[in-house]
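Novice: how would this look folded up:
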Amino acid sequence: MFKLYLIKDYQRLKEEENNPALLQWQAKRFLTKANYTIHTDAIQAKLKHLGYRRAKEVLVYAQEADMLNVVVFGCTAKEWEQQNPQLAKKRMNIRETASIAQLLVLANLETINAELIKRDIPRAERFRTLLKVAEEQMKTLQERDIEHQFRRQFPENDVGKLLE
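Specialist: Numbers count the residues shown, from 1 in each chain. Sure, this is the predicted structure:
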């Protein structure tokens with residue numbers, strides 16, 4: 001019985017390994033996670049300076065992430081989950097369903113927001129600045145059809161190679 005389970009699980013893993021959609025998702029997720037560290041490091045430095053306790057720190061991280069979600073996607077993570085219950089049941093989140101253009105803009109905004117946080121720019125002013133930047137960047141990326149260029153440059157079968 002164990003042998004059968006082992007064989008079945010091996011087959012499942014091989015199928016997942018060769019699944020283009022999964023490879024694309026992994027590449028997108030890797031890029032998003034890598035850039036997110038820049039953003040969280042800036043928040044962490046600010047929180048240490050302010051002397052916040054751990055519970056409040058978690059809330060601040062969530063607020064900053066949600067601000068970026070609203071700027072890029074037009075809704076918070078919680079709102080997205082309510083609007084997309086089937087995807088939420090699969091343990092997917094708003095950023096995992098993002099387009100290439102949205103991920104690029106999000107990565108750029110995380111870096112910009114990190115710099116604005118370091119400069120003690122108030123949240124409302126950061127929001128306005130980030131919204132303007134996001135609109136400009138999305139317009140440029142859409143005009144240049146970045147989605148199509150990305151897929152042509154990195155066909156789905158090759159997207160996983162980005163991680164190597």
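Novice: what is the neighbour count of residue 41?
Specialist: 13 (other Cβ atoms under 10 Å). For glycine as for every other residue, the C-beta is placed from the backbone atoms N, C-alpha and C.
Novice: what sits against it?
Specialist: residue 114 (Cβ atoms under 8 Å, 6 or more residues apart in numbering).
Novice: three-state assignment of it?
Specialist: Using DSSP: H, G, I helix; E, B strand; the rest coil, the structure places residue 41 in helix.
Novice: look up how far residue 110 lies from it.
Specialist: Remark: distance between residue 41 and residue 110 (Cβ to Cβ, to the nearest Å) = 10 Å.
Novice: kindly report the same for residue 69.
Specialist: From residue 69 to residue 110 the distance is 11 Å (Cβ to Cβ).
Novice: likewise for residue 139?
Specialist: Relative to residue 110, residue 139 is positioned 19 Å away (criterion: Cβ to Cβ).
Novice: which one of those two has more residues nearby?
Specialist: Under the criterion of other Cβ under 10 Å, the comparison of residue 139 against residue 110 puts residue 110 first, with 22 against 10.
Novice: so for that one, what pLDDT did the model give?
Specialist: Here the pLDDT value assigned to residue 110 is 90.
Novice: tell me which stretches of this protein form strands.
Specialist: Counting by DSSP state E, the chain has no strands at all.
Novice: point out where it drops to low pLDDT.
Specialist: By pLDDT under 70, the weakly predicted segments of the chain are 1-36, 38-39, 47-58, 154-164.
Novice: what segments of it are helices?
Specialist: All helices of the chain, identified by DSSP state H, fall at 2-17, 20-50, 54-73, 77-83, 85-89, 100-118, 123-143, 146-153.
Novice: and for residue 148, the neighbour number?
Specialist: By other Cβ under 10 Å, the residues close to residue 148 number 10.
Novice: measure it to residue 136 for me?
Specialist: Residue 148 sits 20 Å away from residue 136, going by Cβ to Cβ.
Novice: same question, residue 109
Specialist: For residue 109, the distance to residue 136 - Cβ to Cβ - is 11 Å.
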